[in-house]
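A.B. asks: fold the following for me, if possible:
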Amino acid sequence: MGERVFADTNLFLRYLTDDIPAQADAFEKTLRDAAAGRLTLVVSPLVCAEIVWTLESYYQLPKEDIQQKLLAMLNTPGIEISGGEIVLQAILWYADKNVDFNDAYHAAWIESQDITQVYTFDRKHFSRFSGITVIISGE
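C.D. replies: All right, here's what the predicted structure looks like:
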């Protein structure tokens, strides 16, 4: 296994959208190096959140397409996502429960911490997760 290096959001956006083909091609070479074990691309959950936000807001892709792109990224050899199990659950819930990625991530993180109650003003999204009791702050 090669050196571990952080991979920034813009690399994935260039590759997933191919909007700057030369950069997409350059990152494809890096992905091949990672798949061959010459390096490991380490990604934080915030990179995933930035990818989702950009693909939704700027590229206006549907949640299902974004979900498929992130699942493919998660399953790419040579990519290591910090807290990958939580991110995976968030990606699944993001489209399946039709919630914001950040809310899905928080719900997955809450579940991983054995927390069952959420204080929030956002009943709409958090009430979509079984096992979480929503408490509106101040009620």
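A.B. asks: dump the C-alpha coordinates for the helix or strand of the chain with the lowest mean pLDDT into PDB.
C.D. replies: Each helix and strand of the chain was given a mean pLDDT (mean pLDDT, DSSP states H and E); the minimum falls on helix 123-126 at a mean of 89. Provided in PDB are the C-alpha atoms of helix 123-126 (Å, rounded to 0.1, in the frame of the first residue of the first chain):
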ATOM      1  CA  ARG A 123     -38.900  18.000  12.600                       C
ATOM      2  CA  LYS A 124     -39.500  17.400   8.900                       C
ATOM      3  CA  HIS A 125     -36.200  15.600   8.100                       C
ATOM      4  CA  PHE A 126     -35.300  14.000  11.400                       C
END
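A.B. asks: may I have the strands that pair with the following helix or strand past that helix, each with its orientation?
C.D. replies: For helix 123-126, the succeeding helix or strand toward the C-terminus, using DSSP states H and E, is strand 133-136. Under the criterion DSSP bridges, strand 133-136 sits next to strand 117-120 (parallel) in its sheet.
A.B. asks: what does the partner strand contact?
C.D. replies: In this structure, residues lying in contact with strand 117-120 by C-beta atoms under 8 Å, 6 or more residues apart in numbering are 110, 126, 132-137. For glycine as for every other residue, the C-beta is placed from the backbone atoms N, C-alpha and C.
A.B. asks: ok, now with 10 Å
C.D. replies: Outside of strand 117-120, the residues within contact range by C-beta atoms under 10 Å, 6 or more residues apart in numbering are 103, 106-107, 110, 125-127, 129, 132-139.
A.B. asks: of those, keep whichever come out buried.
C.D. replies: Among the contacts of strand 117-120, those classed as buried by 16 or more other C-beta atoms under 10 Å are 103, 106-107, 110, 125-126, 129, 132, 134.
A.B. asks: quick one: distance of stretch 29-48 to the chain centre.
C.D. replies: Per C-alpha atoms, centre = their mean, to the nearest Å, the displacement of stretch 29-48 from the mean C-alpha position of its chain is 15 Å.
A.B. asks: ignore what I typed, I meant stretch 56-72.
C.D. replies: Relative to its chain's centre, stretch 56-72 lies at 10 Å (C-alpha atoms, centre = their mean).
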